[in-house]
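> Structure for this input, please:
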Amino acid sequence: MIDRPTILLVAPTHYDVSYSINPWMDPSRWASDPRGMHGSALRAFDQLRAALEGAGFALEIASGEPGLPDMVFPANAAVVLDGRAMLARFRYPQRQGEEVPFARVFEGLRARGVLDHVSVLPEGCYQEGAGDCIWDAARGHFWAGFGPRSSREAAGVMARYFGKEVVALELATAQSYHLDVCFCPLAGGEILYYPPALAETSLRELRARVPAHLRIEADADDLRHFSVNAVNLHDQVVMTRTTPHLRTALGERGYRLREVDLTPFMLSGGGAYCMTLRLDRRSADVAPMAMPSVATAAA
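Prediction:
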């Protein structure tokens, strides 16, 4: 097991935008200058790596695979907590090919002692990793998105595997196809989120659990900038180049932003959080629950 903040990245050697499975993906723009776009992606990745190291993270960098361009988004590969990893099952065929190479990556991490245990979801249960199952360290539970990609029943699987409460939130728009596009717990207990992305019942659940002074509402411009899709460590926030609105809102709360131009990856519908996966997270030092609960905010 590791004892410092550590993130998994996947090198963008084989990254491109050649298909569209979410509203943000723009294969035509990539095709207009594939060599130039790929060069920009390599430079953006290097800038992200530097920003993460500057924020205090150690990095594990895995290789991608030809023909699997979205492996560059390892947040979707697994959920990791307390040295345990639950590997993803992808809904779309374009990403299902990632499951075998990511299994090799995680088995390698287990063999090296970075992880203690690696498991897989039941057949037919779609769950797309930490992009749809986000640990909230301030509250000691997961927030799990379902609808566009992940199955509602995946929340129960996660609760049983990790022994932690999972609060399931229904995603209401195609643009927020994963929870991490529109929802980000922060170290101070705040939740940065885009309200229109959540179903009304899920908004009620969120507001019941998180007081108003800890809720930071993003707007449509913040969403377009993929600014909610951010990586946080203590007072450091690594994110795409953001808006004046969020720069001010986060700065006033004491967060220090490290902004990176991730435009090449935004063409695939991803930002800083999508491109990372925390490997070191530990749950709060509290007595385990006798029966993990699942609070499902859905009609």
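> Check which residues of stretch 156-173 are buried.
156-159, 161-173 (16 or more other Cβ atoms under 10 Å). Yep, even glycine has a C-beta here, placed from its N, CA and C like the rest.
> Endpoints of that stretch, how far apart?
Chord length of stretch 156-173, first to last residue, is 23 Å (Cα to Cα, to the nearest Å).
> and that stretch, how far out from the chain's middle?
Centroid displacement of stretch 156-173 relative to its chain, using Cα atoms, centre = their mean, to the nearest Å, is 14 Å.
> begin at 185 from here
Done: numbering now begins at 185, and the last item shifts to stretch 340-357.
> for Arg437, what are its contacts?
Residues in contact with Arg437 (Cβ atoms under 8 Å, 6 or more residues apart in numbering) are 372, 374, 400.
> Dump the residues you listed to CSV, plus secondary structure and pLDDT.
Formatted as CSV, the contacts of Arg437 follow (DSSP: H, G, I helix; E, B strand; the rest coil; pLDDT from 0 to 100):
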residue, secondary structure, pLDDT
Gly372, coil, 96
Glu374, coil, 98
Ile400, strand, 98
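> Need the per-residue pLDDT for Asp187.
For Asp187, the pLDDT comes out at 81.
> can you check the one 4 residues further on too?
Ile191 is assigned a pLDDT of 98 by the prediction.
> helices or strands up against the strand or helix carrying it?
Ile191 belongs to strand 190-194 when assigned by DSSP states H and E. With contacts taken as 3 or more Cβ pairs under 8 Å, 6 or more residues apart in numbering; DSSP states H and E, strand 190-194 sits against helix 218-239, strand 242-246, strand 461-462.
> And it, how far out from the chain middle?
In terms of Cα atoms, centre = their mean, the centre of strand 190-194 is found 12 Å from the chain centre.
> ok so, going back, between the helices and strands packed on strand 190-194, which one is closest to Gln420.
helix 218-239 (3.9 Å; Cβ to Cβ).
> so how far is that closest one from its chain's centroid?
Its chain's C-alpha centre and that of helix 218-239 lie 18 Å apart, by Cα atoms, centre = their mean.
> same deal with stretch 432-448?
17 Å.
> now do stretch 234-242
17 Å.
> Which residues outside that stretch are in contact with it?
186, 188-191, 193, 243, 415, 417-418, 420, 422, 442, 444, 456, 460.
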